[in-house]
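Chemist: what follows is a protein structure lacking sequence information:
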């Protein structure tokens, strides 16, 4: 008869399982940041190749992030009733197909279609990863684990920007997407071999047909119409922020969505989540952080190309500074999230973003690349400082059985901020240029608009309140 497993053996086995889980999540977690950062290097080349204005150029990134953002909550919600490992494998396969379409594109519509399919597939990587870590790691180690996992994004951006510069310089804009295509193959193997099956917290026997697909459609369509309103020129030809049909449709669908969720027996987004004050505050702060990052993601590559005349390889090297700084601080921020309150980390982090945007809004065209690089490094520090603190705060504000849905909705709002920032960056820059503002002035004024958004987010972050046990547990 086999001897019963000792407590020490069980603890060792659980720790090994957690380490294996964390390592295996690295590859799928690299897909989105790899695609985003490498695509950023290619934006100036795509703009010049297809001879399109800046607000249309922004749709290359926005199309990817839009489907990515709208489907995050779907994956998160399904992760509460379906094995999360299976969902990860499905998403990676869809991402592979979308990247294949992008690599064969010879027109803007096909390029945008490929980006939308890729975004549809990769949407589940973050909410499912957050939910898996929250399920397997105890509360005392969760912040550190989320911080370690969150380091993958900035670290991938660090490597991706550098590699993309050389690939785009040698092979054109398509070179920016080859690495993501190959990485998806490794991600399938890592998930298949290294992540254990994760049975849902609730009864998996419930039929999928009871899923609130109507709520999914209303939410996705409402958010998509809002983004189309922000940058409508590429869709309908109407100047951006002036096609009121999109705004009206967005308001109607989102209002209908909220009313539907309050009556639906099994809502896509539980009303308790929609009206959870701590969840709403942290989601707002996360969205603000991403609006600032989204604005920089479209403005900085074009700024360095148009004002400083950088070639793709040089551009990739400059963008490495922001991602590298973020990668260095995210892991440290994860440890601080276990000991300090989120309020201080988040408010300071967003304030640093606003300061950097103010610096860029005042830099003359003759400024040195050293100043630009130091500013990008400071922005990465601020953005990375609060990353894990926001993740920890939002996941501690919801019950464990709703972890997947909460992670999905939270990340949806977070990346909605990224889409808004990217779209508005392209729209404002194009508008200033069309109004006859000198090129450097158009960039300066575009940067300045985002300063106010950062300041609002920093003030909101001062209202975050930890649970008593977290706030008093800092000395652990």
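Modeler: Noted; the coordinates are in hand. The shown structure was predicted, so the numbers you read here are calculated from the model rather than taken from an experiment.
Chemist: which residues of this structure score low on pLDDT?
Modeler: When residues are selected by pLDDT under 70, those of the chain lie in 1-14, 139-140, 143, 154, 198-210, 334, 338, 400-405, 408, 466-476.
Chemist: show me the residue at the heart of it, geometrically.
Modeler: Centrality entry for the chain: nearest residue to the mean C-alpha point is residue 415, 4.6 Å, by C-alpha atoms, centre = their mean.
Chemist: can you tell me the helix or strand for it?
Modeler: helix 403-434 (DSSP states H and E).
Chemist: list the buried residues for that helix?
Modeler: By 16 or more other C-beta atoms under 10 Å, the buried positions in helix 403-434 come out as 403-433. Glycine gets a C-beta too; all of them are placed from N, C-alpha and C.
Chemist: same check on stretch 285-304?
Modeler: Those buried within stretch 285-304 under the rule 16+ other C-beta under 10 Å are 285-304.
Chemist: now, these that are in strands?
Modeler: When these are checked against strands using DSSP state E, none is located there.
Chemist: what about those residues, which are in helices?
Modeler: When those are checked against helices using DSSP state H, the ones located there are 285-304.
Chemist: burial measure for residue 95, as a count.
Modeler: A count of neighbours around residue 95, defined by other C-beta atoms under 10 Å, yields 30.
Chemist: go on, the one 5 residues further on?
Modeler: Burial of residue 100, expressed as a neighbour count using other C-beta under 10 Å, amounts to 16.
Chemist: separation between it and residue 389?
Modeler: 37 Å (C-beta to C-beta, to the nearest Å).
Chemist: repeat for residue 318
Modeler: Taken as C-beta to C-beta, the spacing of residue 318 relative to residue 389 amounts to 28 Å.
Chemist: dump the residue contacts of the nearest residue to residue 112 once chain neighbours are set aside.
Modeler: When the adjacent residues along the chain are set aside, residue 112 lies closest to residue 63, with 4.5 Å between them (C-beta to C-beta, 6 or more residues apart in numbering). Listed by C-beta atoms under 8 Å, 6 or more residues apart in numbering, the contact set of residue 63 reads 112, 115, 116, 119.
Chemist: buried residues in the helix or strand where residue 160 lies, which are they?
Modeler: If you go by DSSP H and E, residue 160 is part of helix 152-171. Buried positions in helix 152-171, judged by neighbour count with 16+ other C-beta under 10 Å: 152-165, 167-169.
Chemist: for that helix, give me every contacting residue.
Modeler: Contacts of helix 152-171 with the rest of the structure, by C-beta under 8 Å, 6+ apart, involve 25-26, 29-30, 32-34, 36-38, 40-42, 45, 175-176, 178-179, 311-317, 319-320, 322-328, 330, 380, 384.
Chemist: show me what whichever helix or strand comes after that helix is packed against.
Modeler: Remark: after helix 152-171, the chain's next helix or strand is helix 175-194, criterion DSSP H and E. Helices and strands touching helix 175-194, by 3 or more C-beta pairs under 8 Å, 6 or more residues apart in numbering; DSSP states H and E, are helix 7-24, helix 26-50, helix 84-103, helix 152-171.
Chemist: could you check the angle the last one makes with helix 175-194?
Modeler: Put plainly, it is helix 152-171. 140 degrees (axes from the mean of the first three to the mean of the last three C-alpha atoms, to 10 degrees).
Chemist: got it, and the third one?
Modeler: Between the direction of helix 84-103 and that of helix 175-194, the angle (the same axes, to 10 degrees) works out to 160 degrees.
Chemist: could you point out which element follows helix 84-103?
Modeler: Under the assignment DSSP H and E, the closest C-terminal helix or strand after helix 84-103 is helix 108-122.
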